[in-house]
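K.L.:
Build the 3D model from these lines:
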Amino acid sequence: MTFDDDVEAAIAAACEELEMTRDEIVRLIIREWLEGYGFLAVHDLDEGSETEGSA
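P.N.:
Model prediction:
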């Protein structure tokens, strides 16, 4: 899938800054958009939680 030149440039810049592949960035963008608009359940992860690893 290709996008307009400005979008491709933004994707390339994000890939470089985040050290991710183009496919990873596109997946991330789509996932975040779907979560943001309520089409996909949001999974909040509390990285600083003291209960990390417990069930």
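K.L.:
C-alpha from now on. contacts and neighbour counts both.
P.N.:
OK.
K.L.:
pLDDT below threshold where in this structure?
P.N.:
In the predicted model of the chain, residues 44-55 satisfy pLDDT under 70.
K.L.:
now the strands for it?
P.N.:
Assigned by DSSP state E, the chain shows no strands.
K.L.:
What's the local residue count around residue 41?
P.N.:
Residue 41 has 11 neighbouring residues, counting by other C-alpha atoms under 10 Å.
K.L.:
residues in contact with it?
P.N.:
Residues in contact with residue 41 (C-alpha atoms under 8 Å, 6 or more residues apart in numbering) are residue 35.
K.L.:
swap in residue 26?
P.N.:
residue 11.
K.L.:
Quick check: nearest residue in space to residue 31, chain neighbours excluded?
P.N.:
In space, and not counting its chain neighbours, residue 31 is closest to residue 40: 7.6 Å by C-alpha to C-alpha, 6 or more residues apart in numbering.
K.L.:
I'd guessed that neighbour sits against residue 34; true?
P.N.:
Yes: the criterion here is C-alpha atoms under 8 Å, and residue 40 meets it with residue 34 at 5.4 Å.
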